[in-house]
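# Okay, predicted coordinates and the sequence, questions at the end:
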Amino acid sequence: MPRTAPVTRWDTDFDVLDPEYISNPFEIWDELRQGCPIAHTDRRGSNWLPTRYADVTAIAHDIEHFSSLEVGVIPFDGEPTEEQDRVLPYGLPPISADPPLHTWTRRLLLPWFSHRRVEGYEELTRELCRSAIAGFDAGGRADAAEEYAQQIPVRVIAQVLGVPIELADTFTGWVRDVLEFADDEERRFRGMEGLIKYFLVELEERKKNPGTDLLSELLHTEVDGALVEESLVLGVAALVLIAGIDTTWSAIGSSLWHLATHPEDRKRLAEEPEIWPLAIEELLRAYSPVTMGRLVTSDVEFAGCPMKEGDHVLLNFPAANRDPETFEDAEEVILDRAHNRHVAFGSGIHRCAGSNLARMELRVALEEWMKAIPEFRIAEGEEVTWAGGQVRGPRRLPVVFP
Amino acid sequence: MNIRVDPDKCQGHARCYGLLPELFDIDDYGLSTVIGDGTVPPELEERARLAIANCPEYAIDETS
């Protein structure tokens, strides 16, 4: 059942939660780019949807007119409650912050996802992949989304945060409530409440018994001679969990969907393993999972569109990455694409802080899958389902293999 | 061939490092720099051009 009225005009009344948009947005973007490259809707407030690479990246760079105070693709309806104001007065920095708060909170976070640190998580990632594959039922069938892609990033992030890997399903549930079911106010609230309450207890514990994890270190970090406020640490912790799970699992799932449906690309990767690094970037380009929101800070005309203070803009990085003005044969997946300036991880000062980790997880998850299951296809008669909106990726991906 | 990374444009996508770790170094905050004085050894020129063409922030310039 569609949760909203069906869309009949994509240029003036789009809906990123429309089932057609979620399952196959590519042709919609192509049409919009040609006819109305910045679409508009009045569903859930006034929202703009750019689809050209040049527009998406220009808006991402214009932090004066386009603020990150509202990054949700489904804008939060109504005023924050007193409780939210008290517990998370700064939201989830740095993603939901503008400079100067963005600048120094991002600097606290970045070293945790540097190349050097990320290398330290590669072996764990590989073990998680292998153990997920070993757990598949005998008989050559598996749900590559639910039993594989979904199982990996959440556990790596748990390790980074220093929280129990055994709670993976609980974390996944909260994050899905916040992102995937964001149009259901009650579910969104419940998910956010669950993870906030959980982290409040974890922070108390770490004040008494600090460890070497991200939460402990942030709690004991001084900036300009004062300890970082606890509400900021809480916001960063919630952000790392929310941003680090669904996004990467969706990229892994979409890539496996592509490989399941493109035998020639599976063959190519087996015969030319040296193209793997380029292939990872190409899969990120073609199936970019993440769209981010921005809040218009003052009336501005952008590319002929009269944007008003308080309007939302959806930074459609997935559509930008399919723009034929920027990418030759943009609609084709060319695994060894040499020129690939994709913005799957965003553009400008909010470039995904966890991109090194995400890229490593995607590479290892695909390598391990292809090593164990080089031949596979979508199970006949079974349905692949997709989630979308903020993050697009398969939720059910039933595959069979010899 | 000489290249440089514009530190005001670089946002840490790390694409240059991924393509050519022999020539680029990345600090803990994601900022990329060219190793040495910016001179690209002839055998790395082709891959250096790829690094330029793949930077999402247009942060790498050929200076000479």
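Good, I have the coordinates. Just so you know, these numbers come straight off a predicted model, no measurement behind them.
# What part of chain A, helix or strand, is modelled with the least confidence?
Per-element confidence for chain A was summarised using mean pLDDT, DSSP states H and E. The lowest value among helices and strands belongs to helix A:82-87, with a mean of 76.
# now what about that one, what contacts it?
Residues external to helix A:82-87 that are found in contact with it (CB atoms under 8 Å, 6 or more residues apart in numbering or on different chains): A:Ile196, A:Leu200, A:Ser231, A:Leu234. Quick note: C-beta positions are derived from backbone N, CA and C, even for glycine.
# Shouldn't the third one be within a helix?
The reference is to A:Ser231. Yes - the assignment for A:Ser231 by DSSP: H, G, I helix; E, B strand; the rest coil puts it in a helix.
# Run a quick neighbour tally on the nearest residue to it once chain neighbours are set aside.
Once flanking residues are discounted, A:Ser231 sits nearest to A:Pro89: 5.6 Å by CB to CB, 6 or more residues apart in numbering or on different chains. As a burial measure, A:Pro89 scores 12 neighbours (other CB atoms under 10 Å in any protein chain shown).
# so where does A:Ala39 fall, helix or strand?
Using DSSP states H and E, the element containing A:Ala39 is strand A:38-41.
# Repeat that for A:Pro394.
A:Pro394 belongs to strand A:393-396 when assigned by DSSP H and E.
# What strands line up against that strand, and which way round?
Based on DSSP bridges, the strands next to strand A:393-396 in the sheet, each with its direction, are strand A:385-387 (antiparallel).
# any residues touching the partner strand, and which ones?
Identification of contacts with strand A:385-387 by CB under 8 Å, 6+ apart yields A:Ile22, A:Ser23, A:Glu180, A:Ser250, A:Arg392, A:Gly393, A:Pro394, A:Arg395, A:Arg396.
# Pretty sure the last one sits against A:Ala144.
Spelled out, that is A:Arg396. No - with contact defined as CB atoms under 8 Å, A:Arg396 and A:Ala144 do not form a contacting pair (9.2 Å).
# who has more neighbours, those two?
Neighbours per residue, other CB under 10 Å: of A:Arg396 and A:Ala144, the larger number sits with A:Ala144, 28 against 15.
# Quick check: the gap between that one and A:Gly293.
Taken as CB to CB, to the nearest Å, the spacing of A:Ala144 relative to A:Gly293 amounts to 29 Å.
# Residue numbers of chain B in contact with chain A?
Where proximity means CB under 8 Å from any CB of the partner chain, the interface of chain B facing chain A comprises B:11-15, B:17-19, B:26-30, B:50, B:53-58.
# go with 10 Å
Of all the residues in chain B, those in contact range of chain A (CB under 10 Å from any CB of the partner chain) are B:9-15, B:17-19, B:21, B:25-31, B:49-50, B:52-58.
# How about the contacts made by the residue lying farthest from the centre of chain B?
If you look at how far each residue of chain B sits from its centre, by CA atoms, centre = their mean, the farthest one is B:Asp28, at 16.1 Å. With contacts defined as CB atoms under 10 Å, 6 or more residues apart in numbering or on different chains, B:Asp28 is in contact with A:Arg107, A:Leu110, A:Pro111, A:Trp112, A:Phe113, A:Ser114, A:His115, A:Arg116, A:Arg117.
# any shared contact partners between A:Arg396 and A:Ala144?
In contact with both A:Arg396 and A:Ala144: A:Gly253, A:Val384, using CB under 10 Å, 6+ apart.
# which of the contacts of strand A:385-387 tops the neighbour count?
A:Ser250 (29 neighbours).
# Give me the contacts around the top helix by length along chain B.
Here the longest helix in chain B is taken by residue count, with DSSP state H as the criterion, and it is helix B:45-54. For helix B:45-54, the surrounding residues in contact (CB under 10 Å, 6+ apart) are A:278, A:281, A:337-342, B:1-3, B:5, B:13, B:15-20, B:22-24, B:32, B:34, B:40-41, B:44, B:58-62.
# Just the ones of those in helices?
A:Leu278, A:Glu281, B:Arg15, B:Cys16, B:Tyr17, B:Gly18, B:Leu19.
# Could I get the full set of helices for the stretch 151-300 of chain A?
Listed in chain order, the helices of the stretch 151-300 of chain A (DSSP state H, counting those that start in this stretch) span A:153-161, A:168-179, A:185-208, A:214-219, A:230-261, A:263-271, A:276-286.
# Ignore what I typed, I meant the stretch 1-150 of chain A.
With helices called from DSSP H, counting those that start in this stretch, the stretch 1-150 of chain A shows them at A:19-23, A:26-35, A:53-61, A:82-87, A:101-109, A:115-119, A:122-134.
# Please work out which of those helices is packed deepest.
Burial among those, expressed as mean neighbours by mean count of other CB atoms under 10 Å in any protein chain shown, is greatest for helix A:53-61, which shows a mean of 22.
# which secondary structure elements does that helix contact?
strand A:38-41, strand A:47-50, strand A:66-67, strand A:292-296, strand A:300-302, strand A:312-315, helix A:317-320 (3 or more CB pairs under 10 Å, 6 or more residues apart in numbering or on different chains; DSSP states H and E).
# next one: that helix to chain centre, how far?
Relative to the mean C-alpha coordinate of its chain, helix A:53-61 is positioned 18 Å out (CA atoms, centre = their mean, to the nearest Å).
# Kindly report the same for stretch A:46-61.
The mean C-alpha position of stretch A:46-61 is separated from the chain mean by 17 Å, CA atoms, centre = their mean.
# which non-adjacent residue is nearest the residue in the stretch 151-300 of chain A positioned nearest to chain B?
The nearest approach of the stretch 151-300 of chain A to chain B comes at A:Pro277, 6.2 Å away (CB to the nearest CB). Using CB to CB, 6+ apart and skipping the chain neighbours, the partner closest in space to A:Pro277 is B:Gly18 (6.2 Å).
# contacting residues for that neighbour?
By CB under 10 Å, 6+ apart, B:Gly18 lies in contact with A:His115, A:Pro277, A:Leu278, A:Ile280, A:Glu281, A:Asn356, A:Arg359, B:Phe24, B:Ile26, B:Ala51, B:Asn54.
# Could you dump these into TSV and include distance to A:Glu31 and pLDDT?
Shown next, in TSV, are the contacts of B:Gly18 (distance: CB to CB, whole Å; pLDDT from 0 to 100):
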residue	distance to A:Glu31	pLDDT
A:His115	40	93
A:Pro277	33	96
A:Leu278	29	97
A:Ile280	29	98
A:Glu281	26	98
A:Asn356	35	98
A:Arg359	31	98
B:Phe24	39	98
B:Ile26	39	96
B:Ala51	34	98
B:Asn54	28	98
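# Name the nearest of the residues you listed relative to A:Leu241.
A:Asn356 (17.6 Å; CB to CB).
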